[in-house]
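Engineer: no sequence on this one, just coordinates:
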C-alpha cells in the first residue's frame with residue numbers, strides 16, 4: 001500500500017468554497033437592480049473627483065504649468081469609463097424593467113446574468129480609479145519661454161529707430177504702436193530688434209509674444225503663435241475650436257501684462273477674435289504694415305514711419321554685405337560699388353540683396369554692367385514732382401477714372417485713389433501737400449510690372465530723365481502703347497515712327513523746338529499727342545516750343561491741353577482755342593515770359609481780350625488756368641461768370657504803366673488755387689478794398705508766386721488768404737516786408753504773426769530789402785514750415801526775437817546754401 005497516495009480535504013472548506021462561488025454568481029442575477037444604483041452613485045462620485053482634478057489642471061495651466069502625464073492619463077481613463085458606465089446603466093435598467101413585466105425564461109436569465117457580471121466588474125474598476133486619484137500635485141513648471149530671442153543679423157542704422165519705439169512703449173498714454181513704411185525698408189528687422197531688446201533690458205512684462213499675420217490672415221495660426229508663449233501647443237490645444245482657443249488666450253492674458261508684436265498686417269485685425277484682451281494701455285501692441293491706413297484702422301496711439309537709410313548708413317550696410325575682399329580687389333570697385341549702392345535708394349532689403357549678389361563680382365566690367373542694368377531699368381527722373389490735379393487730369397484722359405459721368409465726380413474719385421496710394425506708401429507728399437512724388441524703387445517695380453509682365457499689347461517705353469538729346473530710334477517705337485520721354489534734352493522729333501497702338505506720349509520738360517509734320521502720321525490711336533484722329537490729352541508743358549501750329553485746331557476730340565511754363569511760346573493762333581470744342585481742361589500759365597520773347601499778333605499779344613472771348617466759347621470747360629497781360633482783359637475775365645467759376649490758376653504778367661492793381665474782385669473766384677504775378681515793373685501796390693463792411697477773403701488760395709515786380713513793397717492783402725500753403729517771392733528789389741503792420745493798423749485790422757495756419761513753405765530769392773517774415777516762435781506749432789533762401793539774405797533777416805530766430809534756424813539751415821529749387 002506504500003505506493004498509494006491519499007489526499008484529505010476538510011468537507012466544510014469544500015462546501016464553503018462552493019457556496020461562495022454559487023452566491024457570487026447568484027448575486028449577479030439577484031442584486032442587479034441594487035448594483036446598478038450603486039454603480040451610478042459611485043460613478044457620480046468619480047465624476048466629481050475628475051472635475052476637481054481638471055479644475056486644478058486648469059489653474060495650473062494658467063500659471064503656465066504643464067499637466068503631469070499620469071494625471072492626464074487618469075482623467076482620460078475616467079472619461080472612457082464614464083461613457084461605458086452610462087451605456088451599461090442604460091442596458092441594465094432596460095433589463096430590470098423586463099423582469100418586472102414577468103420575463104423569466106432561460107434566455108432572459110442568461111442576458112441578466114451577463115449584465116450583472118459586467119456591472120459588478122465596473123464597480124470594481126470605479127473603486128480602483130477612486131483609489132488611484134492623483135495627489136494635489138497635478139502639474140509641473142517647465143523652463144520658461146516667455147521671452148525668446150529671434151534670429152537676427154547685424155544691422156545698420158537701427159539704434160535710433162529702436163530708441164524711438166522703446167521710449168513710446170514706456171509712455172502711459174501709448175498702447176498700440178504702428179510701424180509703417182515701404183516694403184523692404186526694414187520694418188520686420190526693426191520689430192525683431194524690439195523683440196530681442198526685451199531679452200536684454202529690464203521690464204515689467206510677463207510675456208513678450210511674436211505672431212506673424214501676413215496678407216492672407218489665418219486667425220488660428222496667430223492663436224497658435226500666441227499660445228506657444230503662454231501655454232502648450234499639445235494635442236488638447238490643437239483639438240480646440242477657434243472660439244475655444246480665443247477663450248483660453250483671453251483667460252490667461254487677462255491676468256498678465258504682455259507685449260504683443262504683430263508682423264506684416266495688411267488690414268485691420270480684430271483682437272477679440274484672436275482672444276487678445278486690451279482693456280487698458282498697461283499692455284502694449286506693436287505691429288508692422290505697409291499702409292498708414294492700417295494704422296488708422298487699428299486705432300493706434302502712435303504711428304512711426306520707418307524711413308529709408310541715410311546715404312552713410314546705406315553705404316555702411318552695402319559695404320558690410322559686400323565684404324572688404326571684394327571691395328579691395330580692384331582700385332575701381334569702391335567707386336563703382338558706391339554707384340550701385342546709390343541705386344538701392346536706402347532700402348535695407350535691396351542693399352542687402354545687391355551686396356550679397358555682387359560679392360563675387362571682382363572685375364570693373366561686371367560692376368559697370370550691373371550699374372547699366374540698374375539705371376536702364378530705373379529710368380530715373382530724380383526728385384520729379386507732380387501736382388495732384390495734373391495727375392488726376394491724366395487719369396481722366398486715360399479713362400482710368402470712369403466711376404462717375406461728371407468731371408467733378410471723377411476728380412473726387414482721383415483724390416480718393418491718391419489718398420489710398422499715399423496711405424499705402426506708394427506715393428509720397430512733397431513739402432507742399434498739393435504735390436506728389438513717387439519713390440524710385442516703387443517706380444521701378446511699377447515699370448517692371450508694366451513692361452515685363454504686362455499683356456503683349458500693353459507695352460511701355462519709359463526713358464524719362466535719361467539725359468537724352470535725341471529721341472529713341474524709330475524701331476524702338478514699334479508696338480508700344482505708352483511712351484514717356486519726359487525730362488530730357490530732346491530738341492526735335494523727326495521721322496515717321498509706325499505706332500498703331502500708341503495711345504499716350506509724354507514729351508514735357510524737354511528742349512523741344514521742332515516736330516516734323518510727318519512725325520505723327522502713323523499714330524492713329526495716340527491720346528497723349530497725336531495726329532488729328534483721336535487726340536484727347538496734349539501736354540507740351542516745360543518745353544521751348546515757340547509757336548503752336550494752326551493745324552492743331554483740327555483736334556476735335558481734345559479734352560485736356562497743358563501749356564504750363566513755356567517761356568519761349570510767343571504765338572497761339574486766333575481761333576485755335578475756340579476750335580477745340582470738346583476741351584474740358586486748359587492750363588496756360590507762365591507762357592512767353594522769358595526775356596527777349598516778342599509776342600506775335602496772336603492770343604498771347606498785349607491785347608488778349610480775344611483769348612478771353614475764345615475761352616468763353618468752350619462749352620465743356622471745367623478747369624481753367626490762364627495768363628492775362630493787361631487790365632482790360634483782366635476785367636473782362638472776371639466779368640465772365642463761366643470763366644470765374646472754373647478758374648483754378650491765374651497768371652498776371654507784364655502789367656506795366658500802372659502803379660497799382662486791385663485784386664478785390666478775385667475774392668469772387670471761388671476755386672482759385674494758385675496766383676502768379678510777374679514782370680510788372682511799375683507795380684507798387686496790390687490793392688484790395690479795405691473799407692468795405694464785409695471784407696473779401698481768398699479762402700481757396702493755396703499758392704502765391706510774386707516775381708520780378710521791382711517796385712512792389714509788400715503783400716499785406718495776403719492777410720485775407722488764411723489757407724495759404726506756399727509763398728514764393730523772387731526778384732522783388734523793393735520788397736521790404738510781407739505784411740505791413742502799419743497798413744493793417746490804418747484799416748483797423750488786428751494783426752498777429754502768421755495768420756496762415758496751413759503755411760508750410762516760404763521761398764525768397766533776390767529780394768535784398770525783404771527783412772521781415774510773418775513768423776513768430778509759435779508759428780510752426782502743428783505745421784512744419786520750411787524756409788528757403790540764399791545764405792546772404794538769411795543772415796540779414798530781422799526776427800521778432802531771438803527765440804523765433806533760433807526756432808526757425810534749425811528748420812532752414814540745410815537749405816541756406818542750396819538756393820531755390
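Structural biologist: Done, it's in. Everything numeric in this text was worked out from a predicted model, so none of it was measured. Numbering: from 1, shown residues only.

Engineer: poorly predicted segments of the stretch 701-821 of the chain, please.
Structural biologist: Scanning the stretch 701-821 of the chain for pLDDT under 70 picks out the ranges 745-756, 776-784, 806-821.

Engineer: which residues in it form strands?
Structural biologist: Secondary structure of the stretch 701-821 of the chain (DSSP state E, counting those that start in this stretch): strands at 703-707, 726-730, 761-765, 786-788.

Engineer: give me the sheet partners of the shortest one and which way each runs.
Structural biologist: The reference is to strand 786-788. Sheet pairing of strand 786-788 (DSSP bridges) gives strand 761-765 (parallel).

Engineer: please apply the same query to the first one.
Structural biologist: Pairing partners of strand 703-707, with direction, according to DSSP bridges: strand 674-678 (parallel), strand 726-730 (parallel).

Engineer: can you give the distance of the last one from its chain's centre?
Structural biologist: Offset of strand 726-730 from its chain centre (Cα atoms, centre = their mean, to the nearest Å): 31 Å.

Engineer: how about residues contacting that strand?
Structural biologist: Residues from elsewhere that reach strand 726-730, judged by Cβ atoms under 8 Å, 6 or more residues apart in numbering: 432, 702-708, 715, 718, 735, 738, 759-767, 770, 820. The way it works is simple: take the backbone N, C-alpha and C, and place the C-beta from them, glycine included.

Engineer: the strands in the stretch 101-250 of the chain, which residues?
Structural biologist: Remark: strands assigned in the stretch 101-250 of the chain by DSSP E, counting those that start in this stretch are 139-141, 176-180, 207-212.

Engineer: and residue 547, how far from residue 571?
Structural biologist: The gap separating residue 547 from residue 571 is 4 Å, by Cβ to Cβ, to the nearest Å.

Engineer: which one of these two has more residues nearby?
Structural biologist: residue 571 (20 against 13; other Cβ atoms under 10 Å).

Engineer: now do the phi/psi pair for that one.
Structural biologist: Main-chain dihedrals, residue 571, degrees, to the nearest 10: phi -150, psi 130.

Engineer: how close does it get to residue 75?
Structural biologist: In terms of Cβ to Cβ, residue 571 sits 96 Å off from residue 75.

Engineer: that older thread, can I get the strands of the stretch 701-821 of the chain in a markdown table with mean neighbour count and distance to residue 416?
Structural biologist: Below are the strands of the stretch 701-821 of the chain laid out as a markdown table (neighbours: other Cβ atoms under 10 Å; distance: least, Cβ to Cβ, whole Å):
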| stretch | mean neighbour count | distance to residue 416 |
| --- | --- | --- |
| strand 703-707 | 20 | 22 |
| strand 726-730 | 20 | 24 |
| strand 761-765 | 19 | 25 |
| strand 786-788 | 19 | 28 |
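
Engineer: okay, those in a markdown table with distance to residue 184 next?
Structural biologist: A markdown table is the format used below for these (distance: least, Cβ to Cβ, whole Å):
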| stretch | distance to residue 184 |
| --- | --- |
| strand 703-707 | 34 |
| strand 726-730 | 32 |
| strand 761-765 | 30 |
| strand 786-788 | 28 |
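
Engineer: so which of those gets nearest residue 188?
Structural biologist: Residue 188 lies closest to strand 786-788 among the strands of the stretch 701-821 of the chain, at 32.2 Å (Cβ to Cβ).

Engineer: next one: that closest one to chain centre, how far?
Structural biologist: On Cα atoms, centre = their mean, the centre of strand 786-788 falls 27 Å from that of its chain.

Engineer: with stretch 176-194 instead?
Structural biologist: 12 Å.

Engineer: contacts for stretch 253-269?
Structural biologist: Applying Cβ under 8 Å, 6+ apart, the external contacts of stretch 253-269 come out as 62, 169, 187-188, 191, 194-195, 198, 204-215, 217, 222, 226, 230, 275-277, 282-291, 294, 297-298.

Engineer: repeat that with 7 Å
Structural biologist: By Cβ atoms under 7 Å, 6 or more residues apart in numbering, the surrounding residues in contact with stretch 253-269 are 188, 191, 194-195, 198, 204-215, 217, 230, 276-277, 282-289, 294, 297-298.

Engineer: list the buried ones in that stretch?
Structural biologist: Using 16 or more other Cβ atoms under 10 Å as the burial criterion, the residues of stretch 253-269 that qualify are 253, 258-265, 269.

Engineer: for those, which one is nearest residue 472?
Structural biologist: For these, the nearest to residue 472 is residue 264 (40.7 Å; Cβ to Cβ).

Engineer: what score does the closest one have for pLDDT?
Structural biologist: Looking at residue 264, its pLDDT stands at 88.

Engineer: now do the one 5 residues further on
Structural biologist: Residue 269 is assigned a pLDDT of 90 by the prediction.

Engineer: what helix or strand is it on?
Structural biologist: Under DSSP states H and E, no helix or strand contains residue 269.

Engineer: quick check: phi and psi on it?
Structural biologist: According to degrees, to the nearest 10, residue 269 has phi -110, psi 120.

Engineer: nearest to residue 438, of the strands paired with strand 703-707?
Structural biologist: Taking Cβ to Cβ, strand 726-730 is the member of those nearest to residue 438, at 20.5 Å.

Engineer: please enumerate the helices of the stretch 251-400 of the chain.
Structural biologist: In the stretch 251-400 of the chain, the helices defined using DSSP state H, counting those that start in this stretch lie at 271-274, 292-297, 311-322, 324-327, 333-343, 348-358, 364-378, 388-398.

Engineer: out of the ones you listed, nearest to residue 566?
Structural biologist: Ranking those by proximity to residue 566 (Cβ to Cβ) places helix 388-398 first, at 14.8 Å.

Engineer: still on that earlier bit, most packed of the strands of the stretch 101-250 of the chain?
Structural biologist: The highest mean neighbour count among the strands of the stretch 101-250 of the chain, using mean count of other Cβ atoms under 10 Å, belongs to strand 176-180: a mean of 24.

Engineer: listing partners with orientation, what would you give for that one?
Structural biologist: Applying DSSP bridges, strand 176-180 is found paired with strand 284-289 (parallel), strand 302-305 (parallel).

Engineer: make JSON lines from the ones you listed and add mean neighbour count and distance to residue 148 to it.
Structural biologist: As requested, the strands paired with strand 176-180 are exported to JSON lines (neighbours: other Cβ under 10 Å; distance: least, Cβ to Cβ, whole Å):
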{"stretch": "strand 284-289", "mean neighbour count": "24", "distance to residue 148": "16"}
{"stretch": "strand 302-305", "mean neighbour count": "17", "distance to residue 148": "24"}
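
Engineer: got the ones you listed as CSV, with mean pLDDT and distance to residue 501 columns?
Structural biologist: What follows is the strands paired with strand 176-180, written out as CSV (pLDDT from 0 to 100; distance: least, Cβ to Cβ, whole Å):
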stretch, mean pLDDT, distance to residue 501
strand 284-289, 92, 39
strand 302-305, 90, 40
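
Engineer: columns distance to residue 327 on top of those, output as TSV?
Structural biologist: What follows is those, written out as TSV (distance: least, Cβ to Cβ, whole Å):
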stretch	distance to residue 327
strand 284-289	32
strand 302-305	32
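
Engineer: closest one to residue 362 among the ones you listed?
Structural biologist: Taking those one by one with Cβ to Cβ, strand 284-289 is closest: 37.1 Å.

Engineer: quick one: distance of that closest one to the chain centre.
Structural biologist: 14 Å.

Engineer: that strand vs strand 207-212, what angle?
Structural biologist: 20 degrees (axes from the mean of the first three to the mean of the last three Cα atoms, to 10 degrees).

Engineer: identify all contacting residues around strand 284-289.
Structural biologist: Strand 284-289 has contacts (Cβ under 7 Å, 6+ apart) with 165, 169, 175-180, 187-188, 191, 194, 259-266, 278, 295, 298.

Engineer: same question for stretch 113-132.
Structural biologist: So stretch 113-132 is contacted by 28-29, 32, 35-36, 38-39, 42-43, 46, 49, 74, 77-78, 81, 84-85, 88, 91-92, 95 (Cβ under 7 Å, 6+ apart).

Engineer: cheers, nothing more for now.
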